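Participant: sequence and predicted structure, then a few things I'm wondering about:
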Amino acid sequence: MSIDSIILTDIIISQKEVKDFLKKANLNLKGKLIGLFDKEKIIGAGSLYTNYFHPYRDYINVYIDEDYRNMGLGRILLKALKEKSDKKRFQVMCSSEKKGLIQFLIKEGFTLIRRSYSFDLKKESQNMFLSKESSNEFKNMQIKSLIKLNAAEKENFKNIFYFNYADTHKNINPLNADISIKEFSKELLADCDKEKSSCLVFNNGILAYMIVYMEDFPEIGYLGGKTIEDIGIYLNYFQVIINNLLTYYEQICFEIDDTDYYAFPLINALEIDSKESYNTYVLD
């Protein structure tokens, strides 16, 4: 066995065997790519790329063919990728089901910093969760879809949305400091359903929001609020939106991070027992 580490150029990637291998490895092809070859056969590949929104770490992925695992090749590939990095700070996201990869990452010094839980709520869950009582404060508030917000309310919402996003990502891979609130909002809200997405409003001020995206079913993309002390009121609001959506759709899709102090309480309120997650590991 003769193992070579090779930078994957467009010419190499165009080869059918390499192209098929990269598809199976599910790597991001936009950054730097390195392949491991046993003579002419590709047996491993890794990618190193930067996310414009979160540019302070390099996102790194490593994949080794099953027949060549537990031979130290992952370490060889990881070392080659590290040498190509300018930042020398790394981030990996993978399913919690990938026990072998997780053991490898921990052994190489990576630390678990976030868990992201994906789950669905079915129609039969309607009216079966959260508090059955609404606070008096909540009863005096108004729910408005994004398209019905006035100019001042829109700006207020975008400011709160931007701050919450930046704050919940600052200890993982901070939001690009050069991205303005306008650019941020344009990017993240471009594909949302502005009829189904809404804000909780009181005295023309935004208290909370829930951003909904539509594919086959509604997906709750982002939710948040103005002050964490009022999370009880916000949960009443989230409940109303969820129940309204379940009136018209068979299920709703969620992805919630345990670092999001507005979204994560919803998992407890919904009594969700989601053992599977997507874990984020970092290395400095």
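Facilitator: Yes, it's here. Numbers count the residues shown, from 1 in each chain.
Participant: give me the number of residues near T247?
Facilitator: 10 (other C-beta atoms under 10 Å). For glycine as for every other residue, the C-beta is placed from the backbone atoms N, C-alpha and C.
Participant: give the contact list for the residue nearest to it when sequence neighbours are not counted.
Facilitator: Closest residue to T247 in three dimensions, ignoring its sequence neighbours and counting by C-beta to C-beta, 6 or more residues apart in numbering: Q126, at 7.0 Å. Q126 makes contacts with N243, L246, T247, as judged by C-beta atoms under 8 Å, 6 or more residues apart in numbering.
Participant: any idea how far Q126 lies from L235?
Facilitator: As judged by C-beta to C-beta, to the nearest Å, Q126 and L235 stand 16 Å apart.
Participant: one more: I228?
Facilitator: Distance from I228 to L235, by C-beta to C-beta: 12 Å.
Participant: cool, and M210?
Facilitator: On the measure of C-beta to C-beta, M210 and L235 end up 11 Å apart.
Participant: quick check: neighbours shared by the two?
Facilitator: Joint contacts of M210 and L235 (C-beta under 8 Å, 6+ apart) do not exist.
Participant: show me where the stretch 1-150 of the chain has helices.
Facilitator: Per DSSP state H, counting those that start in this stretch, the stretch 1-150 of the chain carries helices over the ranges 10-13, 16-25, 73-84, 99-107, 136-139.
Participant: now do the longest one: distance to the chain's middle.
Facilitator: What that stands for is helix 73-84. 25 Å (C-alpha atoms, centre = their mean, to the nearest Å).
Participant: ok, stretch 11-22 next?
Facilitator: 28 Å.
Participant: who's in contact with the most centrally placed residue in the chain?
Facilitator: When C-alpha atoms, centre = their mean is applied to the chain, the residue found nearest the centroid is S116 (6.9 Å). By C-beta under 8 Å, 6+ apart, S116 lies in contact with M93, E255, I256, D257, D258, S277, Y278, N279, T280.
Participant: repeat that for E153.
Facilitator: Contacts of E153 (C-beta under 8 Å, 6+ apart): K144, C199, V201, N204, G205, I206.
Participant: about what we covered before: between M210 and L235, who's got more neighbours?
Facilitator: Neighbours per residue (other C-beta under 10 Å) separate M210 from L235, with M210 holding more: 27 against 22.
Participant: who touches that one in this structure?
Facilitator: S197, S198, I220, Y222, L223, Y237, F238, I241.
Participant: dump the residue contacts of K194.
Facilitator: K194 neighbours (C-beta under 8 Å, 6+ apart): S145, L146, I147.
Participant: rerun that using 10 Å as the cut-off
Facilitator: K194 makes contacts with S145, L146, I147, K148, L149, I211, V212, as judged by C-beta atoms under 10 Å, 6 or more residues apart in numbering.
Participant: from the contacts of E153, which land in strands?
Facilitator: K144, C199, V201, G205, I206 (DSSP state E).
Participant: hmm, back to that, ok, and the most crowded of the contacts of E153?
Facilitator: Going by other C-beta under 10 Å, C199 tops the contacts of E153 with 26 neighbours.
Participant: next, give phi and psi for I160.
Facilitator: phi -70, psi -40 (degrees, to the nearest 10).
Participant: residues contacting it?
Facilitator: C199, G205, I206, L207, A208, Y209, G224, G225, K226, T227.
Participant: I'd say N140 and L207 touch.
Facilitator: No. Here N140 does not reach L207: they are 11.2 Å apart, not a contact under C-beta atoms under 10 Å.
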